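A.B. asks: coords please:
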Amino acid sequence: MPASIIPVTGLILGPIGSISQTDFPITTPRLINPTDTLVPNFGDALVLNSNNTYSSVAQYISVDSSSVTETTPIAFAQANVKTNTYYPTNGSGTGTIANSGNYPAGSEADALTRGTINVAVPYGTPAGAGAGVYIRTATSESYPNSWIGAIEGSPLTGNVLMTNGVVFKTGILSTDSATGQITAQVTILNRLIP
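C.D. replies: Purely as a prediction, here's the structure:
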């Protein structure tokens, strides 16, 4: 049988919310705040509330009127499967991630607090390994497909640089085969959420 060449069109990073098993990830489970109305999709950025629960950044900014700054400790909602637990697959409505699971309000969520995870990146291309990660803090007509709490690859109107040890693992973007979303790997270098 003659040899053939199989073209590789790009790196496939894996589904949104999946973590890398190569860099000693730390996951810290906590409840999603039971009163939240904008629950996190897998791969969404999370903040730790004063009542020891998580909220999506979209909830934290849009509903709770709090602000995310360069020093806000961030975790990411990890895609997970547990026996006898229901995870909606339609997305939560906080972003545009179709067919992604989410953690309903009051449910226990696994959140990556150190390590590498795949996230949706609706706009911007990371400059490369170690480049800063930006998070959308306000909607913008210039970027209609991005939502509050979205991770972006470059400085754009309405986003803020996360300098608290959250960086892009590489400058490579991939397309999630399940959702069609553009994805990238981000790394939390230092565990700031205990």
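A.B. asks: going forward, measure contacts and count neighbours with C-alpha atoms only.
C.D. replies: Fine.
A.B. asks: which residues in the protein form helices?
C.D. replies: Per DSSP state H, the chain carries helices over the ranges 57-58.
A.B. asks: got any ranges where it has weak pLDDT?
C.D. replies: Scanning the chain for pLDDT under 70 picks out 1-12, 21, 81-100.
A.B. asks: redo that, cut-off 80
C.D. replies: 1-14, 20-23, 80-100, 163, 176-180 (pLDDT under 80).
A.B. asks: where is the longest strand in it?
C.D. replies: Using DSSP state E, we find that the single longest strand of the chain is strand 108-120.
A.B. asks: that one - contacts with which helices or strands?
C.D. replies: strand 26-31, strand 75-77, strand 182-188 (3 or more CA pairs under 8 Å, 6 or more residues apart in numbering; DSSP states H and E).
A.B. asks: quick one: strands adjacent to the shortest one?
C.D. replies: Strand 75-77 sits in its sheet next to strand 45-48 (antiparallel), strand 108-120 (antiparallel), going by DSSP bridges.
A.B. asks: wait, which of these is closest to residue 134?
C.D. replies: Ranking the strands paired with strand 75-77 by proximity to residue 134 (CA to CA) places strand 45-48 first, at 11.1 Å.
A.B. asks: strands of the protein, start to end?
C.D. replies: Using DSSP E, strands in the chain cover 26-31, 45-48, 54-56, 75-77, 108-120, 132-136, 151-152, 159-168, 174-175, 182-188.
A.B. asks: please convert those to CSV, extending it with distance to residue 144 and mean neighbour count.
C.D. replies: Shown next, in CSV, are the strands of the chain (distance: least, CA to CA, whole Å; neighbours: other CA atoms under 10 Å):
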stretch, distance to residue 144, mean neighbour count
strand 26-31, 31, 17
strand 45-48, 19, 24
strand 54-56, 20, 30
strand 75-77, 23, 31
strand 108-120, 15, 26
strand 132-136, 12, 25
strand 151-152, 13, 27
strand 159-168, 13, 21
strand 174-175, 19, 20
strand 182-188, 15, 25
